[in-house]
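In: sequence first, then the predicted structure, then my questions.
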Amino acid sequence: MSHDSDAEPPEPISVEEALQRLDTRSMRDLVSRLWEERGWTLEGVSSPDDRGVDLRFSREWPRSRTLLLRALSFDRGDHLNDADVQAFVRTVQREGVDIARIVAPTETPSSVEATAREYGVDVMGPAALAALLDRLGQRAALAAQVDVPVATDSAPSLPAWVPDRLTAAIGRLDLADRLEALLARHLPPDPTMADMAALSFTGHRIALVGAALSLLLSVLAATGSVAFWVLMTTHLLVTYGALLPAMTADIYLCRQLRLEWVPSWWYLVAFLLAPLPVLAGSVYWYRRRDCVMDRHAVG
């Protein structure tokens, strides 16, 4: 009599442990599947060494770009090192691609990640891969390759002072994912951390300058209601229009770098300043209405 039905299912393993069980071919197949799901076309495959494989992708929309991705496999238990990065940089320079990225099955020392960024190379570790697997609904594909359930830890990246109940509610709403999905069509395809850092800084500065200028000019605009409301509308469009992509970039960067997300001061100041023209406009309208009513009463 078989007791297979009574056997307990295997315990889920982490994404990092699952990635370490993949050989070079399995790692190549997984990475190819993920990037093809994101709209990239695989153009070529090469094996620079026994530990990894290079995948060259291309994408034509919204603009033509090429991506060279080195997927490392886990064989000796060692981490990505500076020698690996420099070897990949030489390949990138020879290939002449737009984006260079390394996918590593283990967490990379921060010093090595810093070295890679200096050369324009992004490093994607297990934490970033776990988020990508969940976003694309491909966690089952990794589990099928290792024949064991794979658990991912996608904890909300909110400050520690946020109450647990609010954190759980925000996590259920998936606001960060929804915002990224909403703006994905307007961002560079498979953006690098340099792309997102530039977007974040530019957006926050535009928002803050827009808020400051609108506050200065609102004093002058108070003499004419039409001019004031045009100015206020422009201010809100510029401020929030710049802050939304900047906020998305901040979320992306902190997810890739495994940091706790905390709103930057640029973001906070711009949002605190944004409601002030609305308040000033409301006071102006209220006082103007009283003045008109008093004139009618006198008449």
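Out: Noted; the coordinates are in hand. Numbers count the residues shown, from 1 in each chain.
In: in CSV, could you pull the C-alpha coordinates for the host helix or strand of residue 91?
Out: Residue 91 is part of helix 82-95, with elements assigned from DSSP states H and E. Only the C-alpha atoms of helix 82-95 are listed here, as CSV (Å, rounded to 0.1, in the frame of the first residue of the first chain):
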residue,chain,number,x,y,z
ASP,A,82,35.7,42.7,-9.2
ALA,A,83,37.5,40.4,-11.7
ASP,A,84,34.1,39.2,-13.0
VAL,A,85,32.9,42.8,-13.4
GLN,A,86,36.0,43.8,-15.3
ALA,A,87,35.8,40.8,-17.6
PHE,A,88,32.2,41.7,-18.4
VAL,A,89,33.1,45.3,-19.0
ARG,A,90,35.6,44.3,-21.6
THR,A,91,32.9,42.3,-23.4
VAL,A,92,30.4,45.2,-23.2
GLN,A,93,33.0,47.6,-24.7
ARG,A,94,33.7,45.1,-27.5
GLU,A,95,29.9,44.5,-28.2
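In: residue 69 contacts residue 98, correct?
Out: No. Taking contacts as C-beta atoms under 8 Å, residue 69 lies outside contact range of residue 98: 11.9 Å. All C-beta spots, glycine's among them, are computed from the backbone N, C-alpha and C.
In: re the thing from before, in the helix holding residue 91, what counts as buried?
Out: Using 16 or more other C-beta atoms under 10 Å as the test for burial, helix 82-95 gives 84, 85, 88, 89, 92.
In: which residues are contacting that helix?
Out: The contact list for helix 82-95, computed with C-beta atoms under 8 Å, 6 or more residues apart in numbering, reads 48, 54, 56, 68, 70, 72, 100, 102, 112, 115-116, 119-121.
In: and the helices in the stretch 1-150 of the chain, which stretches?
Out: 15-20, 24-37, 82-95, 110-118, 126-136, 139-146 (DSSP state H, counting those that start in this stretch).
In: kind regards, and thank you for your time.
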